[in-house]
Structures are given as structure tokens and as C-alpha cells.
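Peer 1: I'd like to go over a predicted model; first the sequence, then the structure.
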Protein chains: 2
Amino acid sequence: MPKRTDPGRRPTLADVAARAGVSAMTVSRVLAGNYPVAPPTRSKVLRAMRDLDYVVNAHARALAGAATRTVAVVLDDPTGPFFAFIARGVEQQAASEGRLCLLCTTHGDPEREAAVVELLREQRAEAVILVGGAQDTATYTERMTGFARALDRSGSRLVLCGRPSPGPGVPATVVEYDNEGGAYAMTSYLLANGHRTIAYVGREPGLSTTDERVAGFRRAHADHGAPLDESLIRPGAFSRGGGRVATEALWAERADVTAVFAATDMIAAGALQALRGRGVRVPEDVSVVGFDDIPLASDLTPALTTVHVPHEQLGREAVRLSLHRGPDLDDRVMLGTHIVVRDSAAPRRP
Amino acid sequence: MPKRTDPGRRPTLADVAARAGVSAMTVSRVLAGNYPVAPPTRSKVLRAMRDLDYVVNAHARALAGAATRTVAVVLDDPTGPFFAFIARGVEQQAASEGRLCLLCTTHGDPEREAAVVELLREQRAEAVILVGGAQDTATYTERMTGFARALDRSGSRLVLCGRPSPGPGVPATVVEYDNEGGAYAMTSYLLANGHRTIAYVGREPGLSTTDERVAGFRRAHADHGAPLDESLIRPGAFSRGGGRVATEALWAERADVTAVFAATDMIAAGALQALRGRGVRVPEDVSVVGFDDIPLASDLTPALTTVHVPHEQLGREAVRLSLHRGPDLDDRVMLGTHIVVRDSAAPRRP
DNA sequence: ATGAAAGCGCTAACAG
DNA sequence: CTGTTAGCGCTTTCAT
């Protein structure tokens, strides 16, 4: 039986060509639109495509040499407070560049992460965007270098978004934001408001963002000539509960603190809970500030003064940069952060 | 020059076969693992694959007839409060079924939605999951029927998740949740707590979920023999601002209301703002309840009593059902909802 | 248990 | 401006 009459078959380029009385190549050119085709021919082809409800086969196209026009985001968990914004940035930029967007999650499991990278190599994704903080250790650097090289060999590009760079010479794109600068600006703001006994709550040792934020906290103290009591840099988990616990512990020891710089907005939310529980008024008695500017920040009572991180732009830049990249092996950009003044911080009361 | 020595080329199945001294077919079988291969041969092949850093080409595979092993979610906006949870459910189930997940957004634009469906037809995605409420009009039904048929012709499956069914006989899978039952349960709860003047705030005419929720509200009144004052069903936008405005307007007219059933948690948040602004205490003076059970609900003060919608499970079911589906043309499931009692509702004060 | 041959549907590279 | 010829890398028959 001739193929043409096969009933359940999806129409192919050849079918369209036959129906329009032209060659397959002409149809291909009409599709791509990057080559001159005589208008009458063009309309005949378009007509045939419509008649047959023709849909190109993206896989055949990818196999024949065209780019896959697909980028991938790899997240910890799409319900995270800011991962969603990064995902939105990625998706938007991908869409505006005519790319489709693959979404994968790892739940923080390194094995799953490796498996996902492998899957994305199979897909020949143009870019693989790894999102979210990570332990900045030697192991991490090795892993990322491995991913970068492997993806490079597959004709794909690794993008580290909000993660530390594996160093120069590694074929990867890095999109960061200014943790140090944001912490510096916020600490300066508190110091300018007369605070001198500022606790930094929620240091998670080893986490890349932590070190940078603490560095900004330190530099601001130094630049303002304010002595920094190291015992005021408090450890704690990056969660609401962690913030509550750490703040409770802090108050048990030091009632002289007049401002709390929480490492994240979530921690700040926990700190507010703890302080409310103790009958401490914010910002009258104590100022509390956060970092990240997640939606929750403006919902808290009082609305949280915090450092804005351009999550969405981070996602957009990740796509943009990986798609239009120069001849360099590695490239990176750092996006700025800035403080957002709301109601949770006030000048120190005498 | 022989292909094999081409330096930048990605190794193919043939390369692996050559290196292992077997035919391409044998390598393919090792890869698929669904056919007996002699253990020694097998190891030789695996060895060669590792040596060459071989990665299958998903597109070649898809072209040669294998399934694409890809499902797609189409969202309004990934930063929406519950879209993220549905996306998580989809992604998790997809991963556990060995599928990759494409993420597309439409920002509520029907044209973009149609364009996205077309793109996904090109990708031969196994399932295309459309998420989120929609106006249940004749136009909607036609659109969805069109999508369903088009996807069906491309060997793909349309899944409507939390959206109305286009009716029987249309090749689509529908995964819904029980809006009517949830509203019934919540209204019953308020009635059982002695409330008799309950306002329903945030009716968006035409939106599919609205009608079902209002129906449950009505049925509960009827079943409890409580008269329902139609003027207490208040229109309003599905947003915090909408809730605030609608509640302000309500209070200006009716100070006798003792309970507010907000159509969504966001509306409830707005209602709480409005009531706080007026110095009305919740739940002492007025009870407020919501619908959806988004994370914000437990963060509000007081924590919101609301109807839980199983968003994540909705996403999981969408994938599961579309992948393991019987011979029927259309299929649907409805997931249950239940009330979550927190602090924003109390017995009516005498 | 393994291999050979024939495509899957498209586009790149050359003609004309 | 349009057509021809060759694959892209894999999996499906059908043989052996």
C-alpha cells in the first residue's frame, strides 16, 4: 500500500510537497522562512500545510542538524520562594528567544542532579541552567567542572545561576548577584541609623551566599569604624524555624542587641515570631532586616526592610548570556542588589 | 577523511559498536535493556560507551520511533501561589515515570496558549497539561476541543487540570477537584458554628471555579434550612486588593454579617486587611474563611481556616492518568477537598 | 544471541 | 528561485 494513503500517519514534509506539487526542499524553505521563495509557490505550500494539518517534527529537525531550541532549568524545588521567580525569568527569556524550556528538579540530591545533567545531554539542550546556592567546596568545584566539560562535549552549555563559579578555564557561564554589596548596604543603613550592636542571624557555614553576606557585614562595620563583636554572628538554619530558634538563643544571652540582620527573609520571619513571643516590639525596641525580598517580606507585620535580589532578571540573564555568548571559554556577570526600606527597621532609640 | 577520526564529533552508536567489535544493533539492545545480550558482550559494550563518553541522541531515538518520554505543563505564571505546587506534582510524577517535563507559560493570553500547543505538537510531547481556571464558555469548549483533537492527531494527549471538561467524546483527560464539596463543607462548618448571616466574597462571574463554589455555598444553606440572602454573594476580583475592596463595600452596607467566606485565600487576606482597618476583630467579632490553602493561609494573622485543594496531587494525577490510560476516548477524575481548621473562624458570639 | 538493511522526517550542500 | 542527493543517529523488521 502506498504510504500516502496510510490513514493514521501524521503528514510529513513530503506529503505537503506532493500536495503542493513542489519539492520537499521548497516546503522546508517556506517553513524556515530564511530563503527567498516565489510568493505563489509559497501560498500553495502554506495551503497544503493547512489542508493536511501539517506539523513539523522537532526531532527530525534537530537530528538533521538544526539546533534543538531548548534550554533547561534545574531547580531544587519549584515551590521554593524564589526559585519560582528565577524559573519565570528563564521561561520568559527562553520564550522571547523562541526556545522551549525544560524543567527538572533535584531536591538537593547530587546524584539526581548528575542524572538530570545526563538526561539533558541526551536532549542536546542548548543550555543547562543550574539554580540555587551550593556548598562552595572542592567537591563542588570538581562536580561543576565535570558537568561543564561533559555538557560542552555534547554541544551544550552549563550555566550556574546564583552559584559560585568553578573558576576560570572551565566552559561555563556564571550569573551571580552581589551578596557582599547588598549586605554592605544594609549594614551601613543600620549603622547610619545609630545601631551599634547588630546581630547577624543565620550563618550557614560553607554555604556560598553566607560567606559573601557576612563579608559585607564585616566590611561595613570596618568602614564605619564600628567595632564588630564576632559572637554576634550567629549560626542557624535557612528556615523560619531556624530563625526563631537562633533568635531565642540570642536573646537568652544578649539583651543589648538593637538590630537583627537576618541572613534571609525566612529567617527574619522566624526572628519576628521569636521577638513577638518575648514581647519585644519591632521596630520600636529592635530593628529587624532580611535578605532576598521574597513576596512574604511585604506580607509580614511589620513589613520587612530587606535586600532585593533580582531573581527574575537572574533567570533572564542566564538564558540570554548562554545563547549569545562570545568566543570566550567562560563568562560571568554579576547583577546588583539594593535595599528595600519598609517598616521593620528604625533609628535606634536612645 | 574517515568519520571516526573527526575530532569534534560526538560519538555515535556506530562508534561504540566499532570500538566494542559488535554491531550497532547490539549496542542498541544493551541501551534499551529489553532484550537478552550475552554478559561478556554486554560488558564490552558498556566499556566502550564509557571510554567514548557516549550519550544517546534523544532526537534520533524519537525519530526512529521510540516515544519522546516528555510531558509538558502549560501554566499561566509559575510564580502564582499554587501553580508552583501543581508544577511540582507534574514534575515529580514525570520524573518517577522516567519522563522529562517541559514548562511553558501563557500569561493568560489565549493566542500564546494556542502557539504553545502548536509548539508542543511539534515536540510530540506525550501529554500536554493545561493548568488553571478558565471561563467556562462556549468559546472555551470549542478551543479545548480543538486542542484535544489537534494533539490527538499528533499522537499526544490533552490534559485539563483544574479546568472544566470540554464534554464527552473529546479525546482529553480531565483532572478536577471538588469545588462544590469543599464549599459545602466549609459553609456547613460556619452554619454549625451558629453563623446565619454569611457573606460570600469574590464571585467572579463566568470563572469555572466560582459557580461550583457558590453552588456548594447554596446547597449547604438549603440542607441546613438556613435562608440565604442573595445580596450577600458579593462580586470581586480574585486578588488581595479585590478582597479588600469588596469587604469595605460589604461593611458599608451590612454590619450584621458574622462570617465571611472568601472565594480564595488571597481574597481572604484582603478581607482581613479591610476588617483590621475597621477595627473589627477576627475571629471574635467576625469569622473569615478562605479557599485553596496556599502557604500564605497559615502565615496570616490569625491563621486562616480554609479549604484544602490538593494541588500537588492534581499535578501528579494529570501525568499518571495521561500516561496509563485505558481505551476510552475521554477520562476524568475528581480529587477531594477538605477543610483545614485554623484560627480565623469561631462560634458566633451571642 | 547477534547482524544487515531499511527507513523515521528533516535540512545542508550543491547543482541547475 | 527550485530541485537532487545525502546523510543526521537511532530503531525497527527480518535474517541468521
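Peer 2: That came through, no problem.
Peer 1: what residues are up against the residue of chain A found nearest DNA strand C?
Peer 2: In chain A, the residue found nearest to DNA strand C is A:Leu13; the distance is 2.8 Å by C-beta to the nearest atom of the strand. Bear in mind the C-beta positions are built from the backbone N, C-alpha and C, glycine included. Residues in contact with A:Leu13, defined by C-beta atoms under 8 Å, 6 or more residues apart in numbering or on different chains, are A:Ala24, A:Val27, A:Ser28, A:Leu31, A:Tyr54, A:Val56.
Peer 1: wait, doesn't A:Pro205 sit right on A:Pro235?
Peer 2: Yes. Using C-beta atoms under 8 Å, A:Pro205 is in contact with A:Pro235, at 6.9 Å.
Peer 1: Which of those two has more residues huddled nearby?
Peer 2: A:Pro235 (14 against 9; other C-beta atoms under 10 Å in any protein chain shown).
Peer 1: My read is that that one contacts A:Val245, right?
Peer 2: No. Contact criterion C-beta under 8 Å: A:Pro235 and A:Val245 do not qualify, at 10.2 Å.
Peer 1: before we move on, back to that, do you know the pLDDT at the residue of chain A closest to DNA strand C?
Peer 2: Looking at A:Leu13, its pLDDT is 91.
Peer 1: Please determine how far it is located from A:Arg47.
Peer 2: Separation of A:Leu13 from A:Arg47 (C-beta to C-beta, to the nearest Å): 15 Å.
Peer 1: Would you map the helices across chain A?
Peer 2: Using DSSP state H, the helices of chain A run over A:13-20, A:24-32, A:39-52, A:58-63, A:83-96, A:110-122, A:138-153, A:179-192, A:208-223, A:240-253, A:265-278, A:295-299, A:311-323.
Peer 1: looking at the ones you listed, which is closest to B:Val175?
Peer 2: Closest approach to B:Val175 among these (C-beta to C-beta): helix A:83-96, 21.7 Å.
Peer 1: For the closest one, list the C-alpha coordinates in PDB.
Peer 2: C-alpha atoms of helix A:83-96 as PDB (Å, rounded to 0.1, in the frame of the first residue of the first chain):
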ATOM      1  CA  PHE A  83      13.000  29.600  42.600                       C
ATOM      2  CA  ALA A  84       9.700  30.300  41.000                       C
ATOM      3  CA  PHE A  85      10.900  33.800  40.100                       C
ATOM      4  CA  ILE A  86      14.100  32.500  38.600                       C
ATOM      5  CA  ALA A  87      12.100  30.000  36.600                       C
ATOM      6  CA  ARG A  88       9.800  32.700  35.400                       C
ATOM      7  CA  GLY A  89      12.800  34.700  34.200                       C
ATOM      8  CA  VAL A  90      14.200  31.700  32.400                       C
ATOM      9  CA  GLU A  91      11.000  30.800  30.800                       C
ATOM     10  CA  GLN A  92      10.200  34.400  29.700                       C
ATOM     11  CA  GLN A  93      13.600  34.900  28.100                       C
ATOM     12  CA  ALA A  94      13.600  31.400  26.600                       C
ATOM     13  CA  ALA A  95      10.200  32.200  25.000                       C
ATOM     14  CA  SER A  96      11.300  35.500  23.700                       C
END
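Peer 1: tell me what that helix is packed against?
Peer 2: strand A:70-75, strand A:100-105, strand A:127-131, helix A:311-323, strand B:100-105 (3 or more C-beta pairs under 8 Å, 6 or more residues apart in numbering or on different chains; DSSP states H and E).
Peer 1: Show me what from chain A comes close to DNA strand C.
Peer 2: Residues of chain A lying close to DNA strand C (C-beta under 7 Å from any atom of the strand) are A:3, A:9-10, A:12-14, A:24-25, A:28, A:31-32, A:56-57, A:60-61, A:63-66.
Peer 1: redo that, cut-off 6 Å
Peer 2: Counting by C-beta under 6 Å from any atom of the strand, chain A comes close to DNA strand C at A:3, A:10, A:12-13, A:24-25, A:28, A:31-32, A:56-57, A:60-61, A:63-66.
Peer 1: Filter these down to just the buried residues.
Peer 2: A:Arg10, A:Thr12, A:Leu13, A:Ser28, A:Leu31, A:Val56, A:Asn57, A:Ala60, A:Arg61, A:Leu63 (16 or more other C-beta atoms under 10 Å in any protein chain shown).
Peer 1: the domain parsing of chain A - what is it?
Peer 2: With domains defined by automatic domain parsing, chain A comprises A:13-56, A:70-177+A:312-335, A:179-309.
Peer 1: will you turn those into TSV that also has distance to A:Pro350?
Peer 2: Listed next are these as TSV, based on distance: least, C-beta to C-beta, whole Å:
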stretch	distance to A:Pro350
domain A:13-56	71
domain A:70-177+A:312-335	37
domain A:179-309	9
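Peer 1: Can you say which of those domains is nearest to B:Ala271?
Peer 2: domain A:179-309 (14.6 Å).
Peer 1: circling back to that earlier point, format the helices of chain A as TSV; extra columns: distance to B:Ala38.
Peer 2: Formatted as TSV, the helices of chain A follow (distance: least, C-beta to C-beta, whole Å):
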stretch	distance to B:Ala38
helix A:13-20	40
helix A:24-32	42
helix A:39-52	46
helix A:58-63	31
helix A:83-96	45
helix A:110-122	26
helix A:138-153	30
helix A:179-192	56
helix A:208-223	48
helix A:240-253	55
helix A:265-278	56
helix A:295-299	59
helix A:311-323	43
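Peer 1: so who does A:Ala222 touch?
Peer 2: A:Leu228.
Peer 1: That one and A:Arg234: what is the separation?
Peer 2: For A:Ala222 relative to A:Arg234 (C-beta to C-beta), the value is 20 Å.
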